[in-house]
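Please work out how this folds:
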Amino acid sequence: MAADVEDPASIAAVVGADSVVVSGLGTDRTGVLLAGAKAVVAAGPRRIIWLGAYGTGRSADAAGEAAGVLARLLGDRLGDKVEADATILAAGGTVFHAGLLADGPESPGRRTVGLDAAPPFDLGAQISRESVAAAMLDEAETPRFPGAVALPLAG
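Next comes the predicted model:
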């Protein structure tokens, strides 16, 4: 089901207590991510799987120097992204911090790790959107990282 992220009532109308929300919301406008995160949390789903960006918020230290590059690229949207992630994590959701995304098939050797096993951010490496989506769906079906940041890695 779909809803308008800028209309919390429309989210509440489609999200119930047994729902699992998987969100790949992205935007170029400041404030939309945090508004969406707050609306999803307020709707009270059983699980939330949220797409973030590797090198922001909780994953900034693990990412290393490349996190600074990402912060400059995101500009004034960085705070919105970090606050949205924190909102989802505080509600017990899982935030996936993916690196640079690319088109292509799912990686047969893909895996998901926690921040304790995160490699430094490699600006030359990419992961397919299909691999990230598959990792997020895996987490929705079999939670391994509730309330934590997880990283999908290509194999």
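
use CA for all of it now, contacts and neighbours both
OK.

Can you get me a residue count around residue 109?
9 (other Cα atoms under 10 Å).

SS state for it?
Recorded secondary structure, residue 109: coil (DSSP: H, G, I helix; E, B strand; the rest coil).

ditto for the one 3 residues further on
The assignment at residue 112 comes out as strand when based on three-state DSSP.

Report the beta-bridge partners for it.
Residues in a beta bridge with residue 112, per DSSP bridges, are residue 152.

how close does it get to residue 15?
Distance, residue 112 to residue 15, by Cα to Cα, to the nearest Å: 26 Å.

go on, residue 135?
With distances taken as Cα to Cα, residue 135 is found 22 Å from residue 15.

Which parts of this protein are strands?
20-23, 47-53, 94-98, 100-102, 111-114, 126-128, 149-153 (DSSP state E).

Sheet partners, orientation included, of the longest one?
Note on strand 47-53: by DSSP bridges, its sheet partners are strand 20-23 (parallel), strand 94-98 (parallel).

Also the fourth one?
For strand 100-102, the pairing partners within the sheet under DSSP bridges are strand 126-128 (parallel).

so residue 104 sits right up against residue 133, yeah?
No: applying Cα atoms under 8 Å, one finds residue 104 not in contact with residue 133, separated by 11.9 Å.

which one of the strands paired with strand 47-53 is the most hemmed in?
The highest average neighbour count among the strands paired with strand 47-53, using mean count of other Cα atoms under 10 Å, belongs to strand 94-98 at a mean of 26.

Turn the strands of the chain into CSV, including distance to residue 7 and mean pLDDT.
Putting these into CSV (distance: least, Cα to Cα, whole Å; pLDDT from 0 to 100) gives the following:
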stretch, distance to residue 7, mean pLDDT
strand 20-23, 15, 96
strand 47-53, 18, 95
strand 94-98, 22, 96
strand 100-102, 28, 92
strand 111-114, 32, 97
strand 126-128, 30, 95
strand 149-153, 26, 97
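
Just send those back as a markdown table, with distance to residue 140 too.
Compiled in a markdown table, those are given as follows (distance: least, Cα to Cα, whole Å):
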| stretch | distance to residue 140 |
| --- | --- |
| strand 20-23 | 7 |
| strand 47-53 | 7 |
| strand 94-98 | 9 |
| strand 100-102 | 20 |
| strand 111-114 | 13 |
| strand 126-128 | 19 |
| strand 149-153 | 12 |
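
Done for today, thanks.
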